[in-house]
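Student: predicted model follows, preceded by the sequence.
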Amino acid sequence: MILVAGGTGRLGSQVVRLLANAGIPVRLMARGRSAPFPAGVDGVGVDDGVKRVRGDLTSRPDCEGAVAGCAAVVFTASGFGLRRAGNPRSVDRDGAIWLMEAAARAGVGHFVLLSMHGAAADAPLVFLRMKHAAEEALMSSGMEWTVIRIGPLLEQFAEVVGEPLAATGKARVFGSGQAPITFTGTSDAAALVVESLTNPALRNRTVEWGSVSATLDHLAQALIHLHGSGTIQHIPTVGLHLMAVAAAPLSPFMSRMARAALWMENGAAAFDPAPARVEFPAIPVIGLAQILAAG
């Protein structure tokens, strides 16, 4: 049995689907306020071989119940994209550590942590510092471990950039739009997660996993092409500084996005994905247009 924490999220749901399609027993753990489970067998899910459980990552009994009988745990939950009921401190650090501790006590053999490129103790973003704290805890947990550091999720940024297109005809770009960014597609990240569960070459190591390098302007242009028309509206860095502060009380997510955009503006989100892609060639490289079209 594989536990996927955050299994109803953008990335976690892809991992669950791949595991279920491969006939691997999978248990999905989601927070109580997540999207409702589909109605079906046992009143909690559809008849797809997936066991669905509600759980609070800050609850010791919930974590212990979730990991019971599992051979491996995959942590895809994140507080970055939450608009309420959670944040990077409570989810990416504290929630991850609570689940790790429960997994170690239960004798789980392998824990896979989805982290982020740039994670470091002195990183300028709270999100990255919390990811680093979780990485450090995992490496000292006594379990076999895999840390997969991804780039900014392409689909998440495509949603933010492209959301205004239908209403205003303008794609929203934070900053100059010229900084190089190594994005990771959700299906691409999910494929490496599944690979890590069976490939010994991915045990007890950190892998940086990217899908495509592009600027936010390139992303906006691709979205405009798919939409059929539109122009780009840039939010200058001075506006991002204001948004980071002003949006925090009402929309913590947009505040985090503004801070992330300021971090990316100097090229900090760019890295070379080639070494890992060469090492794991069975996972095909998918281009920007393909990822957006599939989304």
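Tutor: Alright, I've got the coordinates.
Student: return the helix or strand in this protein with minimum mean pLDDT.
Tutor: Among the helices and strands of the chain, helix 288-294 carries the lowest confidence by mean pLDDT, DSSP states H and E, at a mean of 79.
Student: next, count neighbours for residue 31.
Tutor: 21 (other Cβ atoms under 10 Å). C-beta: built from backbone N, CA, C; applies to glycine.
Student: roughly how far does the residue lying closest to it once chain neighbours are set aside sit from residue 95?
Tutor: Excluding its sequence neighbours, the residue lying closest to residue 31 (Cβ to Cβ, 6 or more residues apart in numbering) is residue 56, at 6.5 Å. Distance of residue 56 to residue 95, given as Cβ to Cβ, to the nearest Å: 8 Å.
Student: number of residues surrounding residue 250?
Tutor: Counted with other Cβ under 10 Å, the neighbours of residue 250 add up to 9.
Student: and if you look at residue 158?
Tutor: With other Cβ under 10 Å as criterion, residue 158 counts 22.
Student: same check on the one 10 residues further on?
Tutor: If you count neighbours by other Cβ under 10 Å, residue 168 ends up with 12.
Student: any idea what the residue lying closest to it once chain neighbours are set aside is bridged to?
Tutor: In space, and not counting its chain neighbours, residue 168 is closest to residue 233: 7.8 Å by Cβ to Cβ, 6+ apart. According to DSSP bridges, the residues that bridge with residue 233 are residue 172.
Student: residues touching residue 233, list them.
Tutor: Contacts here follow Cβ atoms under 8 Å, 6 or more residues apart in numbering; on that basis residue 233 touches 164, 168, 170-173.
Student: ok, 10 Å please
Tutor: 161, 164, 168-173, 220 (Cβ atoms under 10 Å, 6 or more residues apart in numbering).
Student: same check on residue 284?
Tutor: 188, 191, 277, 290.
Student: follow-up on the earlier one: so what touches the least confident helix or strand of the chain?
Tutor: For helix 288-294, contacts defined as Cβ under 10 Å, 6+ apart pick out 154-155, 158, 162, 183-188, 211-214, 218-219, 221-223, 225-226, 284, 286-287.
Student: tell me the mean pLDDT over stretch 186-193?
Tutor: Taken as a whole, stretch 186-193 has an average pLDDT of 95.
Student: got it, and stretch 150-170?
Tutor: Per-residue scores along stretch 150-170 average to 93.
Student: tell me how far the nearest residue to residue 199 once chain neighbours are set aside lies from residue 132.
Tutor: In space, and not counting its chain neighbours, residue 199 is closest to residue 280: 7.8 Å by Cβ to Cβ, 6+ apart. From residue 280 across to residue 132, the span is 24 Å (Cβ to Cβ).
Student: now swap in residue 18 and tell me
Tutor: 27 Å.
Student: looking at the two, which one has more neighbours?
Tutor: residue 132 (20 against 17).
Student: pretty sure the more buried one sits in a helix.
Tutor: Yes - assessed by DSSP: H, G, I helix; E, B strand; the rest coil, residue 132 belongs to a helix.
Student: same question for stretch 122-140, mean pLDDT?
Tutor: On average, stretch 122-140 scores 97.
Student: picking up where we left off before, if any of the contacts of helix 288-294 are buried, put those into a PyMOL selection.
Tutor: Applying 16 or more other Cβ atoms under 10 Å to the contacts of helix 288-294, the buried members can be selected in PyMOL as follows:
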select buried, resi 154+155+158+162+183+184+185+186+187+188+211+212+213+214+218+219+221+222+223+286
